[in-house]
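K.L.:
Have a look at this prediction, sequence included:
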Amino acid sequence: MKRCILDLTKTELAETISPPFRATQIYQWIYQKHAESFEAMRNIPKKLRAQLDEAYDLSPLQTVNVEESGDGSKKYLFRCRDGVTIESVLLPMKKARYDDSGKLLQETKYTVCVSSQVGCKIGCAFCLTAKGGFTRNLTAGEIVAQVLEIKKDNRIAHNRRLNIVYMGMGEPLDNIENVAKAVKIFNDPDGLSISARRQTISTSGLSSQIKKLGEMNLGVLLAISLHAVDDTLREKLMPINKAYNIESIIDAVKNFPIDQRKRVMFEYLVMKGLNDDIKSAKKLVKLLHGIKAKVNLIYFNPYPGSPFQRPEKEDMLAFQEYLIKHGVLCTIRQSKGLDISAACGQLREKTKNDHS
Ligand code: SF4
């Protein structure tokens, strides 16, 4: 199998071709002009185009299915070159706004939720991806290609702002090298030009890897899937807590380099009767003391056979109110993509059912 060119940073590409400065043009052709072949790269000498064609594939993904939800979210099913399938979601976060004269005041803002692994090893009890086990890590190119294909399909101009969340299938920090490489490729000004500050890495809380990510100093944002405030419950929901308990996660977060203007996001999946009471809210406030945090409450979305239930709206609102009253920024995740199961880890299994 040929190497995929999307696996290369611009510097790596420059090292493999002559003259090296052509790497900038090739990057622009791939990521900004969306060239479908090396042949189409008109300002690249014919000989180099032929060499590139011989050595590299241009895309590692093939689109298998696109499912659109009522709220405008789109779920993509991609097939990798070895036949495994992965999913990504396009979430239009804010709609375009116009004034009375029809002048554009604000463009639609997009977020793309990408997968970082095929399956996952973490085994969270509430997660459908976990049930399918782990197959392999995605390469940097396979992570990058998810955004590239989605941009192409939706004709999103290359200079439009876009956010990336590593919140699809897999634990990104269990594939930290490839994820870090993808962050750099996304960041390249001759490529997709998505700054690291627009990229959020969401983790189940691998404390040692959070530390490693911090040391890499990439400038990315961090989201922690906390979901519980005491170790006993967290171990039941997320067995990984036996290796990395809540205290170790909080410690790692406190030492993580974060842009002054940004916050660490704590994801809290609310399940009826388990973690939706005020006692839990109180503990959460205490845990987050001293951290510039934002809590995102997520309604648990039951799936066939799921052992947990969706919380009551009043309990959700009371939980949020308690946090806000005690100085913790807190939002309730809007149900964007809910009907296409866009919550972390709930992507692949549904598709398997849909397509088998
Ligand atoms: S919720 Fe995320 S980290 Fe946990 S098993 Fe599922 S995909 Fe992995």
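P.N.:
Everything's here; your move.
K.L.:
List the contacts of the particular helix or strand that has A223 in it.
P.N.:
When secondary structure is defined using DSSP states H and E, the element that contains A223 is strand 221-225. By Cβ atoms under 8 Å, 6 or more residues apart in numbering, the residues outside strand 221-225 that reach it are 124, 165, 167, 197, 199-205, 210, 213, 238, 249, 253, 256, 258-259, 262, 264-267, 269, 296, 344. Yep, even glycine has a C-beta here, placed from its N, CA and C like the rest.
K.L.:
List the buried residues in that strand.
P.N.:
Neighbour-count burial for strand 221-225 flags 221-225 (criterion: 16 or more other Cβ atoms under 10 Å).
K.L.:
Let me have those residues in a markdown table, extended by pLDDT and distance to the ligand.
P.N.:
Output for those, formatted as a markdown table (pLDDT from 0 to 100; distance: Cβ to the nearest ligand atom, whole Å):
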| residue | pLDDT | distance to the ligand |
| --- | --- | --- |
| L221 | 96 | 17 |
| L222 | 96 | 14 |
| A223 | 95 | 11 |
| I224 | 96 | 11 |
| S225 | 95 | 6 |
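K.L.:
got a pLDDT number for Y303?
P.N.:
Predicted confidence (pLDDT) at Y303: the value is 77.
K.L.:
before we move on, what SS does it have?
P.N.:
Here Y303 is coil, with the state taken from DSSP: H, G, I helix; E, B strand; the rest coil.
K.L.:
how many other residues sit next to it?
P.N.:
Residues within reach of Y303, counting by other Cβ atoms under 10 Å, total 17.
K.L.:
Please apply the same query to S69.
P.N.:
The local packing of S69 (other Cβ under 10 Å) involves 18 other residues.
K.L.:
Can you tell me how far it is from I246?
P.N.:
In this structure, S69 and I246 are 34 Å apart, going by Cβ to Cβ, to the nearest Å.
K.L.:
do the same with G191
P.N.:
Distance of G191 to I246, given as Cβ to Cβ: 38 Å.
K.L.:
any idea how far S37 is from R49?
P.N.:
9 Å.
K.L.:
For the helix or strand just after the strand holding A223, give me every contacting residue.
P.N.:
Next along the chain after strand 221-225, taking DSSP H and E as the criterion, comes helix 231-237. By Cβ under 8 Å, 6+ apart, the list of residues contacting helix 231-237 from outside reads 124-126, 226-228, 241-242, 245-246, 274-275.
K.L.:
try 10 Å
P.N.:
Residues outside helix 231-237 that contact it (Cβ atoms under 10 Å, 6 or more residues apart in numbering) are 124-127, 205, 225-228, 240-242, 244-247, 249, 269, 271, 274-275, 280, 308.
K.L.:
Next, the buried residues of it.
P.N.:
For helix 231-237, a neighbour-count test (16+ other Cβ under 10 Å) marks 233-235, 237 as buried.
K.L.:
Spit out the contact partners of E12.
P.N.:
Residues near E12 by Cβ under 10 Å, 6+ apart: 5, 23, 181, 185.
K.L.:
Tell me which two of those sit farthest apart.
P.N.:
For the contacts of E12, the maximum inter-member distance is 15.6 Å, found between A23 and K181 (Cβ to Cβ).
K.L.:
Would you mind listing what in the protein touches the ligand?
P.N.:
Within the chain, the positions adjacent to the ligand are 120, 122-124, 127, 129-130, 169-171, 204, 344-345 by Cβ under 6 Å from any ligand atom.
K.L.:
And the helices in the stretch 201-350 of the chain, which stretches?
P.N.:
Assigned by DSSP state H, counting those that start in this stretch, the helices in the stretch 201-350 of the chain fall at 207-216, 231-237, 246-254, 278-287, 313-325, 348-355.
K.L.:
Would you reformat those helices as TSV and include mean pLDDT?
P.N.:
Putting the helices of the stretch 201-350 of the chain into TSV (pLDDT from 0 to 100) gives the following:
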stretch	mean pLDDT
helix 207-216	97
helix 231-237	95
helix 246-254	97
helix 278-287	97
helix 313-325	97
helix 348-355	42
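K.L.:
any chance of the ones you listed in TSV, plus distance to S59?
P.N.:
As requested, the helices of the stretch 201-350 of the chain are exported to TSV (distance: least, Cβ to Cβ, whole Å):
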stretch	distance to S59
helix 207-216	27
helix 231-237	37
helix 246-254	36
helix 278-287	43
helix 313-325	42
helix 348-355	20
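K.L.:
Quantify the burial of I291 by counting its neighbouring residues.
P.N.:
I291 is flanked by 17 other residues according to other Cβ under 10 Å.
K.L.:
Backbone dihedrals for it, both of them.
P.N.:
Its backbone dihedrals place I291 at phi -110, psi 140, with angles given as degrees, to the nearest 10.
K.L.:
Look up how far S280 lies from it.
P.N.:
With distances defined as Cβ to Cβ, the gap from I291 to S280 amounts to 17 Å.
K.L.:
Check F38 too.
P.N.:
F38 sits 56 Å away from S280 when distances are taken as Cβ to Cβ.
K.L.:
As CSV, the buried residues of strand 221-225 with distance to E87 would be great.
P.N.:
Putting the buried residues of strand 221-225 into CSV (distance: Cβ to Cβ, whole Å) gives the following:
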residue, distance to E87
L221, 22
L222, 23
A223, 19
I224, 22
S225, 18
